[in-house]
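Student: Mind folding the following:
(one chain, ligands or ions: 1)
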Amino acid sequence: MKDLAKKRIVITGGANGIGKAMVAAFSAVGAHVSFCDIDATAGKALETATENARFSKVDLLKESAVRKWIDQAAAIDGKIDVLINNAAADPRIDFQSMTSLQWDTLFARNVRAYFLTAQQATEHFPKTGGAIINFSSITIHKSPAAMEAYVSTKAATIGFTQSLARELGAQKIRVNTLSPGWVMTERQLEQFVTPQVKKMLKKEQCIPQLIQPNEIANVALFLASDLSQAITGQEVLVDRGWSHAG
Ligand SMILES: NC(=O)c1ccc[n+]([C@@H]2O[C@H](COP(=O)([O-])OP(=O)(O)OC[C@H]3O[C@@H](n4cnc5c(N)ncnc54)[C@H](O)[C@@H]3O)[C@@H](O)[C@H]2O)c1
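Tutor: Numbering: from 1, shown residues only. Predicted structure coming up:
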């Protein structure tokens, strides 16, 4: 990962969960990190605790704020080398009671924001190229109920990645999807990971050990670095084999 030192890495939703683990991981290899979040308290605390990390409070639902933030991040070193679209929401909403506003808002947060950051960042990649990583999810392979909107946004991410990889290939910009399995972030542990869920994962994953945020960050390091220079337009599923459960 030596090639990542001093590279400008832009991460959305970096204040908590997997995003927070990525801010730490990229900083640890000497990269320069710009990250945004709506959670200013957690974002500022992480900025203080992390070398070469800059936090900005940005709501990814607001187009002008997103474009301004990307331009500001690019202005620091005169470029952006890696964009990581990580921020998303995963509400459980009963299908019959879901409103069209809830549907549209989730698409704006989980898909339109990825388009906005990518479009704006594309103006700032160096001639030598770069990488974009879009986060999808194991859920597109498991089809859970009450997550129709979320799973649809995550399937859209796969299509966006594939088409964008073709679009930006001529500029040597690689675009890949990183799909985590069920990851033991603080929020997942607080809200959804019951003893029954842990038991199920340990049984259904090929390797029972529960997935930690830093393990997803390690794969993001690989997809951002030149070590993965032959990989573009792909979905990399990081689920300890859960998708193969019988
Ligand atoms: N944790 C898992 O088990 C899991 C599984 C599959 C996929 N994923 C995907 O991984 C990514 C990260 O998930 P996570 O579990 O770390 O999530 P998280 O909820 O722990 O963190 C997401 C961060 O994004 C921020 N955010 C949300 N909306 C925002 C907005 N409008 N503007 C700016 N920031 C915003 C939140 O404040 C939060 O800090 C997501 O794309 C998620 O869909 C996670």
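
Student: Thr179 bridge partners, please.
Tutor: Actually, residue 179 is Ser. It isn't Thr. Per DSSP bridges, the residues bridged to Ser179 are Leu237.

Student: That one contacts Leu223, doesn't it?
Tutor: No. Judged on C-beta atoms under 8 Å, Ser179 makes no contact with Leu223 at a distance of 11.5 Å. Every residue, glycine included, has its C-beta placed from N, CA and C.

Student: Might you enumerate the residues of the chain proximal to the ligand?
Tutor: 13, 15-19, 36-39, 58-61, 86-90, 109, 135, 137-138, 180, 182-183, 185, 187-188 (C-beta under 6 Å from any ligand atom).

Student: where do the contact lists of Ser179 and Leu223 overlap?
Tutor: Here Ser179 and Leu223 share the contacting residues Val236, scored by C-beta atoms under 8 Å, 6 or more residues apart in numbering.

Student: quick one, strands of the protein?
Tutor: Using DSSP state E, the strands of the chain run over residues 8-12, 32-37, 53-57, 82-85, 130-135, 173-180, 235-238.

Student: so what secondary structure elements neighbour the fourth one?
Tutor: For strand 82-85, the contact count by 3 or more C-beta pairs under 8 Å, 6 or more residues apart in numbering; DSSP states H and E identifies strand 8-12, helix 113-122, strand 130-135, helix 213-224 as packing neighbours.

Student: Tell me which of the ones you listed sits nearest to Ala24.
Tutor: helix 213-224 (7.2 Å; C-beta to C-beta).

Student: The closest one - what's its average pLDDT?
Tutor: In this model, helix 213-224 has an average pLDDT of 98.

Student: buried residues in that helix?
Tutor: Across helix 213-224, burial judged by 16 or more other C-beta atoms under 10 Å covers Pro213, Glu215, Ile216, Ala217, Val219, Ala220, Leu221, Leu223, Ala224.

Student: The residue most central in space within the chain and Lys202: what is the separation?
Tutor: By C-alpha atoms, centre = their mean, the mean C-alpha position of the chain lies nearest to Asn86, the distance being 2.1 Å. Using C-beta to C-beta, to the nearest Å, Asn86 is found at 26 Å from Lys202.
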